[in-house]
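[1] This is a predicted model, with the sequence first.
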2 protein chains.
Amino acid sequence: MRERLPTISGVASRAGVSSATVSRVINRSGFVSAAARVAVLEAIDDLGYVPSAAARGLASRQAGMIGICLPDVGPGADLVEREVSDGAVLVQVDPEPDGAIAWGGIYFGEVLRGAEYAAWEAGLAITVAMTREPDLEARVLNMAGRVDGLVVVGETLSDDLLDHVARRVPIVVLAGPRAADRHDQVMVGNADGMERLVDHLIDDHGIETLAYVAGRSGAPDDDERFRGFCAALSRHGIEVPQSPRHRGDFSRHRAREIGRSLVEAARQGEALPRALVCCNDETALGLLDVLVAHGIRVPEDIVLTGFDGIDAARTSAPPITTVEQPMAELGRLAVERLTARIASPRRRPTVTQVPVTVMLRGSCGPHALTPLPPGGAVVRPHHE
Amino acid sequence: MRERLPTISGVASRAGVSSATVSRVINRSGFVSAAARVAVLEAIDDLGYVPSAAARGLASRQAGMIGICLPDVGPGADLVEREVSDGAVLVQVDPEPDGAIAWGGIYFGEVLRGAEYAAWEAGLAITVAMTREPDLEARVLNMAGRVDGLVVVGETLSDDLLDHVARRVPIVVLAGPRAADRHDQVMVGNADGMERLVDHLIDDHGIETLAYVAGRSGAPDDDERFRGFCAALSRHGIEVPQSPRHRGDFSRHRAREIGRSLVEAARQGEALPRALVCCNDETALGLLDVLVAHGIRVPEDIVLTGFDGIDAARTSAPPITTVEQPMAELGRLAVERLTARIASPRRRPTVTQVPVTVMLRGSCGPHALTPLPPGGAVVRPHHE
DNA sequence: TTGTAAGCGTTATCAT
DNA sequence: ATGATAACGCTTACAA
């Protein structure tokens, strides 16, 4: 067993004061003479004293920490199938990217960045967990036991587990389809954003044949985006499909397969739609690869749009018109809601919708709008 | 004050056993009759009991958590200068990207991903902090008080603070220039990777005039890469510059300025080097923008290389040849070292160098090597 | 301004 | 297999 670390009473006796005084110094609670303060500070330095958060948390009945639960998107092949390496530098021609994107694209990294910032602003520490089996439940409860509140992203936790956890700490659900009246929620304008995007294609580019390229079946985000797609069609008197024309799985890889089948269909003489509206940027990028490789020009022959706003969609040729989700803002807001909830536990649950931005780029054709300075924005009123 | 949460003794009395037995059930330590186990589990469920990590940590003298300190790269303008918004969808033409990349490009997100995974494997929770003023010291000590060990990225902490913290918990320094004999370290093959890359340019492409485009002055990563650059030149009998020919700051924005000055110089009749070897991918991308815009072709007129392996460097036109850093692996290894250290505190400090990969892409010209299947690799021996 | 002392909710030791 | 009970290191009335 490790040798004993210095404790508050060690500091106290070394400084010739009581532990209460040391506590006051540490917590800056005032009512300490300058002399005592200096003595304590010195003792702390001499001893290399660091207060135990466990003891503090136990005594004060608050952890000073919040948690964020992210869904498991897999650890990533890089972490699991590790090559044995002796430290040599490898030189290789870049293999084709497989579209297996870490952390759900830039998604979780960005959410986390916003969450961390908000936690920092509130003076709280933050702990993160990807919730994966085995032992999911035990680990989540463990996390719940060490925080003052929890942000749960999407459908990370089963209802049962969420309920159990919620009996101990406040929960904010982020971008997850939950009963709105049980927890605070922060949502993304999936449907609204997609609807505005399709409005743009129809109104400003005069496009009349559009096909939706969906993501994994049953994914709530995808459903909402498809709903927005349909809403725009419907409002413009364009026939609304029962279900998405193409079904991908959010990955670039699967999108390439869809792309190849499209090219094949076109070769058979089938007419392509004027625009492919994709569930996300990865899908659009995969299609772009294949279409361009087969001589189909974007946007001249076919228009392509994405959703998310990942960096790669901005640097592709052409860059992809998309709906940008403010991921960091999402994380920030979730934590802000959470701290508000911790402060006043009895308020009614809130639902916050974070606005998205339709980013017009080359893949949907030229447009007359001039680029805006950062921060500026053209607000397009609802058509109605 | 919040109503009392159920405690272990609540569970105990409800299950008709002692708290010790409940503890045994929770910790799966065995020596519990099936009947007792079931009774306890039921009581836990009824009460919605979640064990307090604070109390556990205090009693068991271990936090079950590790921390990771990241240097502050700024919260990002998006989080600070927030627009007031009523939830409307904005539609705008994409403004020119400003190159201010969150989390240091994909850098921290990836490191974190690897760190989280390793922590999860070890059964530990993980807490993250960007160390920023004000109150940096207090916050870091707070973190130190709640963990069993700390990963410190780069030059995040002052030596004094690091020393203080290290008196309480083991430290692993990640990609930071520290005295090797005080803490465990995990490093990136900055110099080696750059050297191999430049070898490739010289040996395989026959390039003889190369200029280094540096990052922020004094950045250790940049220094090491420049050192690798020089080593390769020197070994090939090419004149070695005293200092980098161009000085950027890692940002795409600043790289564009450098690009414009290069174009200007070329217009004045000055000869451009055959290759611009950049400190990082962002810099290469910024140069690419400007050069291409002015009719200078890459790689035909000038070769461009980066460092890091960010996604955008793969999707640019042409894609950028670069040295890929396995960020996630870096995070994973750091945490692995840390858990090893926690297990045996008295071993000698270790230094681990993570191998990098030179990724050959279009920006350095065509090459005869055929793409390798993922996982395969051509290992180039050291020239000597 | 300072000290005393009673918790805080577990774990771990020792009996039984 | 189970139960008592003493820590664990701090905060926080309360008293002085």
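    Perfect, I can see it now. Residues are numbered from 1 along each chain as shown, chains lettered A, B, ... in the order given.
[2] residues near the nearest residue to A:Arg146 once chain neighbours are set aside, how many?
    Leaving out its chain neighbours, the residue that sits closest to A:Arg146 by CB to CB, 6 or more residues apart in numbering or on different chains is B:Ala53, at 3.4 Å. The way it works is simple: take the backbone N, C-alpha and C, and place the C-beta from them, glycine included. B:Ala53 sits with 27 neighbouring residues when counted by other CB atoms under 10 Å in any protein chain shown.
[3] Pull up the residues of the stretch 1-150 of chain A that are close to DNA strand C.
    For the stretch 1-150 of chain A, the residues in contact with DNA strand C (CB under 7 Å from any atom of the strand) are A:16-21, A:24, A:30-33, A:35-36, A:55, A:58-59, A:61.
[4] switch the cut-off to 10 Å
    A:1, A:8-9, A:12-13, A:15-25, A:29-37, A:39-40, A:54-61, A:145 (CB under 10 Å from any atom of the strand).
[5] which of those come close to DNA strand D?
    Subset of these in contact with DNA strand D: A:8-9, A:12, A:18-25, A:29, A:31, A:54-61, counting by CB under 10 Å from any atom of the strand.
[6] residues in contact with the nearest residue to A:Arg139 once chain neighbours are set aside?
    Closest residue in space to A:Arg139, ignoring its immediate chain neighbours: A:Ala129 at 6.6 Å, by CB to CB, 6+ apart. A:Ala129 makes contact with A:67-70, A:139-140, A:143, B:116, B:120, B:125-126, according to CB atoms under 8 Å, 6 or more residues apart in numbering or on different chains.
[7] Also A:His367?
    Neighbours of A:His367 in contact, by CB under 8 Å, 6+ apart: A:204-205, A:360, B:93.
[8] out of those residues, what pair is the most spread apart?
    Distance extremes for the contacts of A:His367: the farthest pair is A:His205 and B:Val93 at 13.6 Å, using CB to CB.
[9] what about chain A, any weak spots by pLDDT?
    A:1-3, A:75, A:77, A:81-87, A:96-106, A:178-180, A:368-384 (pLDDT under 70).
[10] That one: strands as residue ranges?
    When secondary structure is read from DSSP state E, chain A shows strands at A:65-71, A:90-93, A:125-131, A:149-153, A:171-174, A:184-188, A:210-214, A:246-247, A:275-278, A:303-305, A:322-324, A:351-354, A:357-360, A:378-379.
[11] Buried deepest among those, which one?
    strand A:275-278 (a mean of 29; mean count of other CB atoms under 10 Å in any protein chain shown).
[12] For it, C-alpha coordinates in CSV please.
    Extracted C-alpha coordinates of strand A:275-278, given in CSV (Å, rounded to 0.1, in the frame of the first residue of the first chain):
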residue,chain,number,x,y,z
ALA,A,275,-30.4,16.4,-57.1
LEU,A,276,-29.2,13.8,-54.6
VAL,A,277,-30.0,15.0,-51.1
CYS,A,278,-27.9,13.0,-48.7
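[13] What sits closest to the residue in chain A that chain B sits nearest to if chain neighbours are left out?
    Nearest to chain B, among the residues of chain A, is A:Gly109, at 2.7 Å (CB to the nearest CB). Distances taken as CB to CB, 6+ apart place B:Gly109 nearest to A:Gly109, at 2.7 Å, with adjacent residues excluded.
[14] So that neighbour sits against A:Gly114, correct?
    No: using CB atoms under 8 Å, B:Gly109 makes no contact with A:Gly114, being 12.0 Å away.
[15] Quick one: residues contacting A:His246.
    Taking CB under 8 Å, 6+ apart, one finds A:211-214, A:258, A:262 in contact with A:His246.
[16] ok, 7 Å please
    Each residue near A:His246 by CB atoms under 7 Å, 6 or more residues apart in numbering or on different chains is listed here: A:211, A:213-214, A:258.
[17] do A:Phe250 as well
    Taking CB under 7 Å, 6+ apart, one finds A:215-216, A:279-280, A:282-283 in contact with A:Phe250.
[18] Now tabulate those residues in TSV and tack on neighbour count and distance to chain B.
    Shown next, in TSV, are those (neighbours: other CB atoms under 10 Å in any protein chain shown; distance: CB to the nearest CB, whole Å):
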residue	neighbour count	distance to chain B
A:Gly215	25	19
A:Arg216	14	21
A:Cys279	31	17
A:Asn280	31	15
A:Glu282	29	11
A:Thr283	31	14
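[19] And those residues, which two are furthest apart?
    A:Arg216 and A:Glu282 (11.9 Å).
[20] sorry, back to before: which single one of the contacts of A:His367 is nearest to A:Arg182?
    Distance to A:Arg182, by CB to CB, is smallest for A:Leu360 among those, at 38.3 Å.
[21] burial of the residue nearest to A:Gly109, as a residue count?
    Neighbours around B:Gly109, by other CB under 10 Å: 24.
[22] same thing with A:Pro134?
    Neighbours of A:Pro134 using other CB under 10 Å come to 7.
[23] So it versus A:Asp72, what's the distance?
    Distance, A:Pro134 to A:Asp72, by CB to CB, to the nearest Å: 12 Å.
[24] One more: A:Arg332?
    23 Å.
[25] of these two, who's got more company?
    A count of neighbours by other CB under 10 Å puts A:Arg332 above the other of A:Arg332 and A:Asp72, at 26 against 14.
[26] Now do the contacts for the nearest residue to the more buried one once chain neighbours are set aside.
    Nearest non-adjacent residue to A:Arg332, counting by CB to CB, 6+ apart: A:Gly114, 3.6 Å away. Going by CB under 7 Å, 6+ apart, A:Gly114 touches A:327-332, B:79.
[27] can you rerun that using 8 Å?
    A:327-335, B:79.
[28] Serialize the residues you listed to a markdown table and add fields for distance to DNA strand D.
    Compiled in a markdown table, the contacts of A:Gly114 are given as follows (distance: CB to the nearest atom of the strand, whole Å):
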| residue | distance to DNA strand D |
| --- | --- |
| A:Met327 | 35 |
| A:Ala328 | 32 |
| A:Glu329 | 33 |
| A:Leu330 | 32 |
| A:Gly331 | 29 |
| A:Arg332 | 27 |
| A:Leu333 | 28 |
| A:Ala334 | 27 |
| A:Val335 | 22 |
| B:Leu79 | 30 |
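[29] Go through these and name the one nearest DNA strand C.
    Checking these against DNA strand C by CB to the nearest atom of the strand gives A:Val335 as the nearest, at 24.8 Å.
[30] Any idea how many residues pack against the closest one?
    29.
[31] The nearest residue to it once chain neighbours are set aside: neighbouring residues, count only.
    Sequence neighbours aside, A:Ala118 is the residue nearest to A:Val335 in space, at 3.6 Å (criterion: CB to CB, 6+ apart). Using other CB under 10 Å, the number of residues around A:Ala118 comes to 26.
[32] got the contact list for A:Ala118?
    Counting by CB under 8 Å, 6+ apart, A:Ala118 touches A:331-336, A:339.
[33] Domain-wise, how is chain A divided?
    Listed by automatic domain parsing, the domain ranges of chain A are A:1-49, A:54-186+A:328-353, A:190-326+A:357-379.
[34] so can I have JSON lines of the ones you listed showing distance to B:Asp249?
    What follows is the domains of chain A, written out as JSON lines (distance: least, CB to CB, whole Å):
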{"stretch": "domain A:1-49", "distance to B:Asp249": "36"}
{"stretch": "domain A:54-186+A:328-353", "distance to B:Asp249": "21"}
{"stretch": "domain A:190-326+A:357-379", "distance to B:Asp249": "19"}
